[in-house]
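> got a predicted model here, sequence first, then my questions.
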Amino acid sequence: MTMSRRTWAAAIGLMLMTAACGASDTDAAQTAAPIKRIPLPPNEFIPMEIEATIDELVAEINKSAVQPMQIAVLLKSLHDFFAPIATGANRAMGELGVSGRVTGNVLGSTDASADQEQSTKLQTEQIQQALAEGAEGMAITPFGEGNVAALDKAIAKGIPVVTLDTDLASSNRPIHVGIRSYDAGKTAGDTLLKMLPKGRGTVLIHGWADPVWADGVYRTDGARDVFENADYDVLVHQSIYDDEARDVEVMRGKIEDADPPVVGLIGMFADSYRCVLAADAAGEPGLPIVTFDFAPQTADYMRQGRIRATHVQRQYYEGYLGPYIAYGIKSIGLDAVKEILAPQLVKDSLFDLGVGVVPSDKVDAYNDFLGEIGAEQ
């Protein structure tokens, strides 16, 4: 059994091959139609500036000659945090496929037991396999630096590679779609800061300190600087993501031992709902807590008023932009794509999606929005 069949699965319903699949480029051009985006229902949570940029990119692609392209979208997973990314990628691939421009699929790991090293190795093999099967463009949520060599080899052959969510800045990828991690952490810190009592106190950050994951460190540092600049003491607890019980127990001890006492908690990742469990274990259920992402547990605690706000990363748009940017680079060129992306482009390569702040009184409205666009986590 091959690695692909054993540990990777195509997103259901993707495989949107055009009628021109297997035919000549001339036949594909004759059957191609203008790209028509599937409209989203009006909603306060739609980032209108990003929508305007996508509309401009699609309009410019529609002006160019049709160039059929096979794209592979490789995700760490098709579930949980990555499910909205898969939804967005599927939708973009579908729109590009119906117009006669793109064939391909969205793949995600199904081996939840693999550690970081194993996952990186498996994804490198998947990159190589996708290229061997004819991929001419790629959007990927990479596992780590171990993927750099395989991606750079593809880029050297002229294949556009767009990284999503996790960046590989050491690679030659032309565009990364994600967030400015430090600024995102600062935004979350500012949200909690308004809820804290005046005077001395300690803020516990459920974050990341290991430089193996730079984005996690940057996000944590952004929040840390907010509180230290406001003269609070800060304790950074690195998430023990694969052991919830241990994670909560260590945080409980830090809350109980803190001097001055903990006056608030902030979580920087999808597992940050654990801050509620730690506060309860320490006998401090009234502490203000803010979090990141929109895991089901986070939404439940928001409904209870235990988490007062969360910060969402717009994963749907990460997935949606990946295929469009990869195809745009082939269709109108990298410089033209960057010019269109300029309103959100940082340091010439990061498409900054920003973060949205969802207060607890809007948890159901935001959940309904995700349901409307098919991007539940």
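Received the coordinates, thanks. Numbers count the residues shown, from 1 in each chain.

> dump the residue contacts of L164.
When contacts are counted by CB atoms under 8 Å, 6 or more residues apart in numbering, L164 touches L75, I85, A139, I140, T141, H176, V177, G178, E318, G319, L321, G322. Placement of C-beta: from N, CA and C, glycine included.

> quick one: the fourth one and S171, what's the gap?
Distance from I140 to S171, counting by CB to CB, to the nearest Å: 10 Å.

> between these two, who's got more neighbours?
Comparing I140 with S171 by other CB atoms under 10 Å, the one with more neighbours is I140, at 29 against 20.

> so the more buried one sits right up against V162, yeah?
Yes: assessed by CB atoms under 8 Å, I140 is found in contact with V162 at 7.4 Å.

> contact partners for the closest residue to G207 other than its chain neighbours?
Closest residue to G207 apart from its sequence neighbours, by CB to CB, 6 or more residues apart in numbering: T220 at 3.3 Å. Counting by CB under 8 Å, 6+ apart, T220 makes contact with G185, I205, G207, W208, A209, V236, M268.

> including distance to T298 and secondary structure, could those residues go into TSV?
Compiled in TSV, the contacts of T220 are given as follows (distance: CB to CB, whole Å; DSSP: H, G, I helix; E, B strand; the rest coil):
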residue	distance to T298	secondary structure
G185	17	helix
I205	16	strand
G207	16	strand
W208	18	coil
A209	22	coil
V236	20	strand
M268	12	coil
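
> can you flag the buried ones in those?
Buried subset of the contacts of T220 (neighbour count, 16 or more other CB atoms under 10 Å): G185, I205, G207, W208, V236, M268.

> who does the fifth one form a beta bridge with?
For V236, the residues forming beta bridges with it (DSSP bridges) are I205.

> what separation do you get for it and T163?
Distance of V236 to T163, computed by CB to CB: 26 Å.

> repeat that for the fourth one.
Using CB to CB, W208 is found at 19 Å from T163.

> go on, R91?
Distance of R91 to T163, computed by CB to CB: 19 Å.

> then K254?
To T163, K254 is 34 Å away according to CB to CB.

> neighbour-wise, which of these two wins?
Higher neighbour count among K254 and T163: T163, with 26 against 18, using other CB under 10 Å.

> Provide the secondary structure category for that one.
strand (DSSP: H, G, I helix; E, B strand; the rest coil).

> ok, now the one 4 residues further on?
Local secondary structure at D167 is given as coil here, using three-state DSSP.

> report the contact partners of it.
Neighbours of D167 in contact, by CB under 8 Å, 6+ apart: R173, H176, G178, D215, L350.

> just the ones of the residues you listed in helices?
Judged by DSSP state H, those include D215 as members of helices.

> the contacts of D167 in strands, which ones?
H176, G178, L350 (DSSP state E).

> point out where the stretch 1-150 of the chain drops to low pLDDT.
Within the stretch 1-150 of the chain, the stretches with pLDDT under 70 are 1-32, 110-114.

> quick one, strands of it?
For the stretch 1-150 of the chain, the strands defined by DSSP state E, counting those that start in this stretch occupy 8-10, 69-75, 102-109, 137-140.

> of all the buried ones among the contacts of T220, which two lie farthest apart?
By the measure CB to CB, G185 and V236 form the most distant pair in the buried ones among the contacts of T220, at 11.2 Å.

> mutual contacts of the two, please.
Taking CB under 8 Å, 6+ apart as the contact rule, G185 and V236 both touch T220, R224.

> sorry, back to before: any shared contact partners between I140 and S171?
Taking CB under 8 Å, 6+ apart as the criterion, I140 and S171 both touch N147, L151, V161, T163.

> look up how far K157 lies from the second one.
Taking CB to CB as the criterion, L151 is separated from K157 by 11 Å.

> who's more crowded, these two?
Legend: neighbour count by other CB under 10 Å for L151 and K157, higher for L151 (22 against 9).

> can you give the distance of the strand or helix carrying that one from its chain's centre?
Assigned by DSSP states H and E, L151 belongs to helix 148-156. Chain-centre distance of helix 148-156: 21 Å, with CA atoms, centre = their mean, to the nearest Å.

> give me the angle between it and strand 69-75.
Using axes from the mean of the first three to the mean of the last three CA atoms, to 10 degrees, one finds that helix 148-156 and strand 69-75 are set 160 degrees apart in direction.

> can you dump the C-alpha atoms of helix 148-156 in CSV for me?
What follows is helix 148-156, C-alpha atoms only, in CSV (Å, rounded to 0.1, in the frame of the first residue of the first chain):
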residue,chain,number,x,y,z
VAL,A,148,12.0,23.4,2.6
ALA,A,149,14.3,21.4,0.3
ALA,A,150,11.4,19.7,-1.4
LEU,A,151,9.5,22.9,-1.9
ASP,A,152,12.6,24.8,-3.1
LYS,A,153,13.2,22.0,-5.7
ALA,A,154,9.7,22.6,-7.0
ILE,A,155,10.1,26.3,-7.0
ALA,A,156,13.4,26.0,-9.0
